[in-house]
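Asks: pasted the sequence and its predicted model underneath.
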Amino acid sequence: MASNAAVPFWRAAGMTYITYSNICANLVRNCLKEPFKGEALNREKVHFSISKWADGKPEKPILRSDTPGV
Amino acid sequence: MLRQASRLISRSVTAASSKSVTARAFSTELPSTIDSTFVESWKKVAPNMDPPRTPSSFMKPRPSTASSIPTKLTVNFVLPYASELSGKEVDMVIIPATTGQMGVLPGHVPTIAELKPGIMSVHEGTDIKKYFVSSGFAFLHANSVADIIAVEAVPLENIDASQVQKGLAEFTQKLASASTDLEKAEAQIGVEVHSAMNAALSG
């Protein structure tokens, strides 16, 4: 029924809405003036640790500390 | 034993629904009580089991639409990290929907609008507050409550014009030199967001 509605260009290129929205937000954040920019980047830092499992036991975890823009 | 149950239950339920097939109520008007004919037939067949609950019995009844249009719009504007406006009563909000700038007054038709990067302005008397919104959604309800959600929203004074110009030039150049569909899409997004910021700062 809605299949003949024009898809947005990013959806046609295989991107999901969330990816599109996050890219827009990142671009806006990068254009902020100084104190706000630092706060925004701080807000968006991600820290996570990944451990692959082998034979039912976790191997040594990898710690990743991503700053945005990556 | 329960094979007969579904036949008996569906027989009585279809009898009830065929009577009311021309008088369907809107979901806002249905009572949140359980259908008594169904409960009775269930009890005849399976007296020791509780009748199943339907999703509507778990839901809170929808807020009723006022019969007269309220004078103020209640705005809830939220970001993932902060609640920018919570239950604020205003006269009008102008949101940057993908279909263009949309003015929302109290009593607006219930709408779900996808937002594009642009300026959202909140009008309260003579007071106008503007935010640049990166993208998001706006849900306008029948009872004059507007829920606006965005990933990033900043007051216009916090945007650095020179960075916007730099970004615009960079992405226009990337768009020209992009090869894959994905690169083209990303560059296109960059151009759109930066031109929107440019227009916001100068307009």
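Replies: Alright, I've got the coordinates. Numbers count the residues shown, from 1 in each chain, chains lettered A, B, ... in the order given.
Asks: from here on, contacts and neighbour counts on C-alpha atoms
Replies: Fine.
Asks: neighbours around the one residue in chain B that gets nearest to chain A, how many?
Replies: Nearest residue of chain B to chain A (CA to the nearest CA) works out as B:Ile159 at 4.5 Å. Counted with other CA atoms under 10 Å in any protein chain shown, the neighbours of B:Ile159 add up to 24.
Asks: and what of the one 10 residues further on?
Replies: Using other CA under 10 Å, B:Ala169 has 16 other residues around it.
Asks: distance of it relative to B:Pro52?
Replies: 62 Å (CA to CA, to the nearest Å).
Asks: same check on A:Phe48?
Replies: From A:Phe48 to B:Pro52 the distance is 43 Å (CA to CA).
Asks: equivalent analysis for B:Ala178, please.
Replies: For B:Ala178, the distance to B:Pro52 equals 57 Å [CA to CA].
Asks: of these two, which one has the most company?
Replies: Taking other CA under 10 Å, B:Ala178 and B:Pro52 do not tie; B:Ala178 has more neighbours (17 against 10).
Asks: now do the end-to-end distance for stretch A:29-39.
Replies: 10 Å.
Asks: now stretch B:73-86
Replies: End-to-end for stretch B:73-86, by CA to CA: 12 Å.
Asks: wait, what's in contact with B:Ile128?
Replies: B:121-122 (CA atoms under 8 Å, 6 or more residues apart in numbering or on different chains).
Asks: give the bridge partners for it, please.
Replies: B:His123 (DSSP bridges).
Asks: what's the separation between it and B:Val90?
Replies: 10 Å.
Asks: find residues that contact each of those two.
Replies: By CA under 8 Å, 6+ apart, B:Ile128 and B:Val90 have these common neighbours: B:Val122.
Asks: next SSE downstream of the strand ranked longest in chain B?
Replies: Assignment by DSSP state E gives strand B:82-90 as the longest strand of chain B. Where DSSP states H and E defines the elements, the next helix or strand beyond strand B:82-90 is strand B:92-97.
Asks: is any part of that next one close to chain A?
Replies: No - if you take CA under 8 Å from any CA of the partner chain as the test, strand B:92-97 misses chain A, and the best it gets is 13.8 Å.
Asks: repeat for stretch B:168-188
Replies: Yes - counting by CA under 8 Å from any CA, chain A has neighbours in stretch B:168-188: B:181-182, B:185-186.
Asks: out of the residues you listed, flag the one nearest to A:Phe9.
Replies: B:Ala185 (6.6 Å; CA to CA).
Asks: could you say which helix or strand contains that closest one?
Replies: helix B:181-202.
Asks: any buried residues in that helix, and which?
Replies: B:182, B:184-198, B:200-201 (16 or more other CA atoms under 10 Å in any protein chain shown).
Asks: now do the longest strand of chain B: distance to the chain's middle.
Replies: 15 Å (CA atoms, centre = their mean, to the nearest Å).
Asks: tell me the strands beside it, with direction?
Replies: Going by DSSP bridges, the partners of strand B:82-90 are strand B:73-79 (antiparallel).
Asks: outside of the strand it pairs with itself, list whatever touches it.
Replies: B:83-92, B:105-107, B:144-153.
Asks: what is the mean pLDDT for stretch B:66-78?
Replies: The pLDDT scores in stretch B:66-78 average 88.
Asks: quick check: end-to-end length of it?
Replies: Stretch B:66-78 end-to-end distance (CA to CA) = 25 Å.
Asks: look up how far B:Pro63 lies from the most centrally placed residue in chain B.
Replies: Computing the C-alpha centroid of chain B and ranking residues by CA atoms, centre = their mean puts B:Phe139 first, at 2.9 Å. In this view, B:Phe139 and B:Pro63 are 15 Å apart by CA to CA.
Asks: just B:Asn158 next, same as before
Replies: Distance from B:Asn158 to B:Pro63, by CA to CA: 38 Å.
Asks: ok, these two, which is more surrounded?
Replies: B:Asn158 (17 against 10).
Asks: just to revisit the earlier point, hmm, which of the contacts of strand B:73-79 are the buried ones?
Replies: By 16+ other CA under 10 Å, the contacts of strand B:73-79 give B:89-92, B:105-107, B:144-153 as buried.
Asks: helix or strand right after the lengthiest helix in chain A?
Replies: Longest helix of chain A, by residue count under DSSP state H: helix A:17-30. Counting by DSSP H and E, the element after helix A:17-30 in chain order, helix or strand, is helix A:34-43.
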